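# Predicted model follows, preceded by the sequence.
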Amino acid sequence: MFRTSICDLFGIEHPIVLAGMGQASTPELAAAVSNAGGLGVLGAASAGPRQLREWIHRTRALTDKPFGVDTLLPASVRRGASLKAPSNGPLPKDLVPEYQAFATEFLKGQGIAPADPKDIWPEPDGPAMLSKEFFEAQMDVIIEEKVAVYASGLGSPQPWMERLKANGTKVICVVGTVRHALQVVPVGIDAVVAQGHDGGGHNSPIGTLALIPQVVDAVGDKVPVLGAGGISDGRGIAAAMMLGASGVWIGSAFLASEEAGILPGQKQAIVEANEEGTTVSRSVTGKPARMIKSKWTQLWNESENEPLPMPYQSQVSRPALISANLAGRSQDVNPGFAGQGIGMIKAVRPAAVIMADLVEGADRVLRERMAALAR
Ligand SMILES: Cc1cc2nc3c(=O)[nH]c(=O)nc-3n(C[C@H](O)[C@H](O)[C@H](O)COP(=O)(O)O)c2cc1C
């Protein structure tokens, strides 16, 4: 496949980067993508410091190629903004018990037994999940382990840039607007991911086709841009390149891999879904995220409950979603995050096969379409 500046920046063969998908982008998946010539990125958003270090060591045992680590750095949590009361309403944390009662009723209505609290809230691995201290503990591990690439999925890595740069770590930021790209590029990052509305997970209001060229116009003369969101085969890669991207950041296409850390029912939900199978909902983390439509997203919408800000909404959704997983009901209750490209995914395959298809498909489309258009 063609090489771009991204290949030299990360020391890889193909300009294809595995998106850091929380818990789904495992050491096995990241290593498989790196071994196939792309850049594997660990989805470490919810990994406590001990698990994160173990994942980094495990990935190093599976590949001698470069790989990255992705975490979230939500500005609101780091500033403590979500702990403040809205101007006249109750504190979000005071609404948690009432909303948890909704989750309990939901489970009853679905005929799902509530899981043991020990399974829902396992021994914390370090500070409380998604707290300011949790993000800081993750960053300490990333710096101590001198990872090759760090990706910030939400927010700015600015407070850590000096230490990351001293280690030679390349830094990527995922952005969903030109405004955010203009905020993070001056802190000295090495690449941005322009992730459009089509993509799985935390979500931009701007469609991928419109977002990529506008981010390229705004910052493309300073850093390379990776296109993301709804890119699930070689045609999407070729299109992103035509829009000015130097590479791609692909999530959902790798979720339906043997190595992805999601449940079999969740992989099946991807294979069975069509292009209408996803929705953008705040019902899981409190921030808008694209996910596969489910009983949880449907009944949450019908309840008209206003989702709580991060990190409180997870305290409401987690008991319901984990209980569904343990009851073997992930497919209809907790199929998980995914992008609109899942209608193109027809089977669960090894990540190396998916990589080979992406590389071959992009090459072929670029060659054949250009030749056909020239005729
Ligand atoms: C299951 C899943 C989990 C995700 N978790 C994260 C995450 O933890 N951190 C992050 O930066 N992005 C996360 N994302 C977003 C991806 O990094 C990426 O931007 C997105 O998957 C691209 O769109 P696509 O799924 O259509 O390829 C997640 C996406 C999915 C599908």
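Okay, I see it.

# what about the nearest residue to residue 311 once chain neighbours are set aside, how many residues close to it?
Closest residue to residue 311 apart from its sequence neighbours, by CB to CB, 6 or more residues apart in numbering: residue 130 at 3.7 Å. In short, each C-beta sits where N, CA and C put it, glycine included. Neighbours of residue 130 under the rule other CB atoms under 10 Å: 20.

# Spit out the contact partners of residue 130.
Counting by CB atoms under 8 Å, 6 or more residues apart in numbering, residue 130 touches 46, 72, 74, 77, 310, 311, 314.

# Put together a markdown table for these, with pLDDT on each row.
Converted to a markdown table, those look like this (pLDDT from 0 to 100):
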| residue | pLDDT |
| --- | --- |
| 46 | 91 |
| 72 | 91 |
| 74 | 75 |
| 77 | 60 |
| 310 | 84 |
| 311 | 82 |
| 314 | 91 |
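
# ok, and the most crowded of these?
Within the contacts of residue 130, most neighbours by other CB under 10 Å means residue 72, with 25 neighbours.

# Is it correct that residue 173 falls within a helix?
No. Counting by DSSP: H, G, I helix; E, B strand; the rest coil, residue 173 falls outside a helix, being strand.

# does it really touch residue 192, like I thought?
Yes. With contact defined as CB atoms under 8 Å, residue 173 and residue 192 form a contacting pair (5.4 Å).

# Identify the contacts common to the two.
181, 184.

# Run through the residues of the stretch 51-200 of the chain sitting next to the ligand.
70, 72, 153, 174, 195, 198, 199, 200 (CB under 6 Å from any ligand atom).

# just curious, which of these is nearest to the ligand?
Closest approach to the ligand among those (CB to the nearest ligand atom): residue 153, at 1.9 Å.

# Of the contacts of residue 130, which is the nearest to residue 107?
Nearest to residue 107 among the contacts of residue 130 is residue 314, at 16.3 Å by CB to CB.

# show me what contacts the closest one?
So residue 314 contacts 129, 130, 284, 285, 286 (CB under 8 Å, 6+ apart).

# who wins for most neighbours among those residues?
residue 285 (28 neighbours).

# Which residues are in contact with that one?
Here residue 285 is in contact with 202, 310, 313, 314, 317 (CB under 8 Å, 6+ apart).

# With residue 176 instead?
Residue 176 neighbours (CB under 8 Å, 6+ apart): 194, 195, 196, 197, 202, 203, 204, 205, 206, 211.

# cool, residue 40 as well?
When contacts are taken as CB under 8 Å, 6+ apart, residue 40 is in contact with 18, 25, 29-34, 59, 63, 65, 67-68.

# Please apply the same query to residue 119.
322, 326.

# Let's have the residues of the stretch 51-200 of the chain next to the ligand in a markdown table, adding secondary structure.
Formatted as a markdown table, these follow (three-state DSSP):
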| residue | secondary structure |
| --- | --- |
| 70 | strand |
| 72 | coil |
| 153 | coil |
| 174 | strand |
| 195 | strand |
| 198 | coil |
| 199 | coil |
| 200 | coil |
